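1. Predicted model follows, preceded by the sequence.
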Amino acid sequence: MKLQALTSPSLINTGKAFQSKQEVIQYLVKQLGDEGKLTNPDEFLLSVLDREKLSPTGFEGGLAIPHGKSTAVKEAAFAIATLESPLTDWESIDPNNKVQLVILLAIPENEAGSTHLTLLSEFVKRLSDESYKNRLLHAKTNTELFNHLDNTEAAKETAAAKKLNKTVLAITACPAGIAHTYMAAEALIKAGKEMGVDVFVEKQGANGIEDRHTTSLLKKADAIIYANDVAVKEEERFAHLPKVKTSVAAPLRSAQDLLQQALNKAESTPKREYNPSQSSASSDDDNGEKSFKTEIKDSILTGISYIIPVIVAGGMTLAAAVLISQAFGLQDVYAEEGSWLWLLRQLGGGMLGQLMIPILAAYMAYSIADKPALGPGFAAGIAANLIGSGFLGGMLGGFLAGYFLKFLKKKVKPKGTFAGFVSFWVYPVVGTLVVGSIMLFVVGKPIAAANQGLLSWLDSLSGANALLLGAILGAMVSFDLGGPVNKAAYTFCIGAMASGNFIPYAAFASVKMVSAFSVTGATIIGKKYFTKQEQEVGKQTWLLGLAGITEGAIPFMINDPLRVIPSLIAGSAVTGAIVAYFNIGLNVPGAGIFSLALVQGQPLLVAASIWFGAAILGALISMVLLIATRKGKLKKEGKTAAEATAA
């Protein structure tokens, strides 16, 4: 692939000075827009920032590859910047990564599964060569760096590694299924060449299974490495092999160590004979399991990764039905059973109300005990729906199904004549009966009672209690702007929504605009107290706020957390309290400013005014505090406003 065909010297920058990740991304997006690669730079910027929220785009060795897929991209392109001073605030799989080389990929929406992965994997392959990466980093001019892009001449090897006649297979898989999946694969292959080991990697990414391991490789292999953060597909194929399990980021730090562990496992625990008819046999007895903590985390991540498309599709389908009925005065059609609009409403509502919990439980179980746990997992999710235990019941059911099937696979192994009967009858049937019964008659009812009690409490909230709940949620949303505390609030709100209470999410959605609006207001009204870089960031954050993205205020928080965090929390708490106090509800996640047409609990105009007005009021409070605290800081440091602006 010729990289130079997708960029130009004017899209390449060397030795640039930036203060934050946000600033780098905005600069490169602007360059792509100026070069005519984008129809709408603001829309593309949102797609890049949305991708940043999924998982880190920083890697190791000073590298970061942010990327966005959007209809605002005319043609696939990329822009590059090497940095004068490394950035330490870029979320990376290596916590100590100091970013010096940034490559921003712009991909048209309709090329997400083709050009996107081809370009990304090409960069990954080339940048795994240290000499290639160093040539890019040390280029003095944009033209020099441009000329190095397709100069892939590898450094001459000083000594060939001695062949060990060993074959190690690997699986790489990450939640997004793109960058880390391919980076880990390249790292393992490179380490294998250096050690004289034949390494073959199957990537389970956004395009499904790529480079699938063949039957001949399965017979020949000595061991397998699982480098994954989500459940591996068709893991039963490797039941005969000694295994090493780790995270998808580990090969980027210590690929040779992992290969050595696999070779040691192959020596101490020789492989069994490959037998396709017994491919679902458990291989847990080789002590290659993940730790309990890691298994729990991976289970939750896997379950959530599978329900996100259901939530988005169901929510937006329901929103479309509501908007159509309100825009064209079709409320009667919307309410008439069997009408086209009623059916559309039922489709969206069914995805959220009937599918979401069973899918969550099933794929959490799948992550723990593989394919045999799917049936019992779905059964646990359906049981959670039947008894009204909601989101919490679904998660509990997923854990129960996963760990019961894991136990069953250890105790009842598919062997000989009855191998098929055990795999396709005993596991799913016994698992469904046991897990379903436990959910329905033992633990499910107390969980359902607790869930119902929580919902009853939420439904009965009024006055001071509603104010308190809203204020707490508001404070959590803006405490770390998309971090763990923010995500905890989000999980609570989605769980409440799944159980039929829409007030918490309405508060959450309104509060998400506060930090962005307040930063924009502060840098405009109190312009003289903020640096030019902060003013540029402020110009963009209001737009991010309309889309429900809080991360635009992160550069401010990082630079002055002791003043910025309390300022944002104060306004956010007021916003959350107001929305909860007036019982405003929202049953469609992720709609951003379009939530104005979807809020409920009061007449639409009143509800929309309260919901948006609360965000504006909270933003005004935070804006005043941001300006006041910045003014106080400058006064304490003995700086004038003019000096602050020039800084």
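-> Nice, thanks for sending it over. This one's a predicted model, so the numbers in the text were calculated from it and none came from an experiment.
2. Could you tell me how far R135 is located from H148?
-> From R135 across to H148, the span is 5 Å (C-beta to C-beta, to the nearest Å). Where C-beta positions appear, they are placed from N, C-alpha and C, glycine not excepted.
3. ok, now I209?
-> 34 Å.
4. Compare the two and say which is more crowded by neighbours.
-> Per other C-beta atoms under 10 Å, whichever of I209 and H148 has more neighbours is H148, with 18 against 14.
5. Identify the residues contacting that one.
-> When contacts are counted by C-beta atoms under 8 Å, 6 or more residues apart in numbering, H148 touches 132, 135-136, 139.
6. so can I have a markdown table of those showing neighbour count and distance to Y306?
-> Putting the contacts of H148 into a markdown table (neighbours: other C-beta atoms under 10 Å; distance: C-beta to C-beta, whole Å) gives the following:
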| residue | neighbour count | distance to Y306 |
| --- | --- | --- |
| Y132 | 19 | 37 |
| R135 | 18 | 41 |
| L136 | 23 | 37 |
| A139 | 20 | 43 |
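7. In helices only, show me those.
-> Among the contacts of H148, the members falling in helices (DSSP state H) are 132, 135-136.
8. in the stretch 451-600 of the chain, which spans are helices?
-> With DSSP state H, counting those that start in this stretch, the ranges of helices along the stretch 451-600 of the chain come out as 463-479, 484-498, 503-511, 514-525, 532-546, 554-559, 561-581.
9. looking at those, which is buried most?
-> Mean neighbour count (mean count of other C-beta atoms under 10 Å) peaks for helix 503-511 among those, with a mean of 29.
10. That one versus helix 484-498: what angle between them?
-> 130 degrees (axes from the mean of the first three to the mean of the last three C-alpha atoms, to 10 degrees).
11. who does helix 503-511 touch, helix- and strand-wise?
-> helix 463-479, helix 484-498, helix 561-581, helix 604-637 (3 or more C-beta pairs under 8 Å, 6 or more residues apart in numbering; DSSP states H and E).
12. which stretch in those helices is the model least sure about?
-> Ranked by mean pLDDT, the helices and strands packed on helix 503-511 bottom out at helix 484-498, which scores a mean of 74.
13. about what we covered before: would TSV of the ones in helices among the contacts of H148 with pLDDT and distance to V443 be doable?
-> Shown next, in TSV, are the ones in helices among the contacts of H148 (pLDDT from 0 to 100; distance: C-beta to C-beta, whole Å):
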residue	pLDDT	distance to V443
Y132	86	55
R135	90	60
L136	91	56
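14. ok, those vs N275, which is closest?
-> Y132 (43.3 Å; C-beta to C-beta).
15. Which residues are in contact with that closest one?
-> By C-beta under 8 Å, 6+ apart, the contact list for Y132 reads 126, 148, 151-152, 154.
16. Please, a ChimeraX command that selects the buried ones among the residues you listed?
-> To isolate in ChimeraX the members of the contacts of Y132 that are buried, counting by 16 or more other C-beta atoms under 10 Å, one can use:
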select :126,148
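17. show me what contacts F59?
-> By C-beta under 8 Å, 6+ apart, the contact set of F59 is 65, 92-94, 97, 179-180, 183, 252.
18. Okay, now the unreliable bits of the stretch 301-450 of the chain?
-> Where the stretch 301-450 of the chain drops to pLDDT under 70, the residues are 308, 414-420.
19. So E75, which state does it fall into?
-> Secondary structure, DSSP: H, G, I helix; E, B strand; the rest coil: E75 is coil.
20. Isn't it up against I107?
-> No: using C-beta atoms under 8 Å, E75 is not in contact with I107, being 9.4 Å away.
21. higher neighbour count, the two?
-> Taking other C-beta under 10 Å, E75 and I107 do not tie; I107 has more neighbours (25 against 13).
22. That one is in what secondary structure piece?
-> strand 99-108 (DSSP states H and E).
23. same question for that strand, mean pLDDT?
-> Rounded mean pLDDT across strand 99-108 is 91.
24. what does stretch 199-214 give?
-> What stretch 199-214 shows for mean pLDDT is 81.
25. distance between the ends of it?
-> End-to-end distance of stretch 199-214 (C-alpha to C-alpha, to the nearest Å): 13 Å.
26. Please list the residues outside that stretch that contact it.
-> Stretch 199-214 is contacted from outside by 112-113, 117, 167-174, 176-178, 181-182, 184-185, 188-189, 191-193, 217, 221, 228, 232-234, 237-238, 259, using C-beta under 8 Å, 6+ apart.
27. and if you look at stretch 473-485?
-> 53, 486, 488-489, 492-493, 504, 507-508, 511-512, 514-515, 550-551, 553-554, 557, 565, 568-569, 571-577, 580, 618.
28. repeat that for 7 Å
-> Contacts to stretch 473-485, defined as C-beta atoms under 7 Å, 6 or more residues apart in numbering, come from residues 53, 486, 488-489, 504, 507-508, 511-512, 514-515, 550-551, 553-554, 557, 565, 568-569, 572-573, 575-577.
29. Run a quick neighbour tally on the closest residue in space to A450 that isn't next to it in sequence.
-> Leaving aside its sequence neighbours, A450 sits nearest to L392 (C-beta to C-beta, 6 or more residues apart in numbering; 7.3 Å). When neighbours are counted by other C-beta under 10 Å, L392 registers 18.
30. so where does L392 fall, helix or strand?
-> Going by DSSP H and E, L392 is in helix 390-411.
31. In this structure, which helix is the longest?
-> helix 292-327.
32. what about that one, distance to the chain center?
-> Relative to the centre of its chain, helix 292-327 is centred 12 Å away, using C-alpha atoms, centre = their mean, to the nearest Å.
33. What helices and strands are in contact with it?
-> When contacts are defined as 3 or more C-beta pairs under 7 Å, 6 or more residues apart in numbering; DSSP states H and E, helix 292-327 packs onto helix 331-335, helix 340-350, helix 356-369, helix 390-411.
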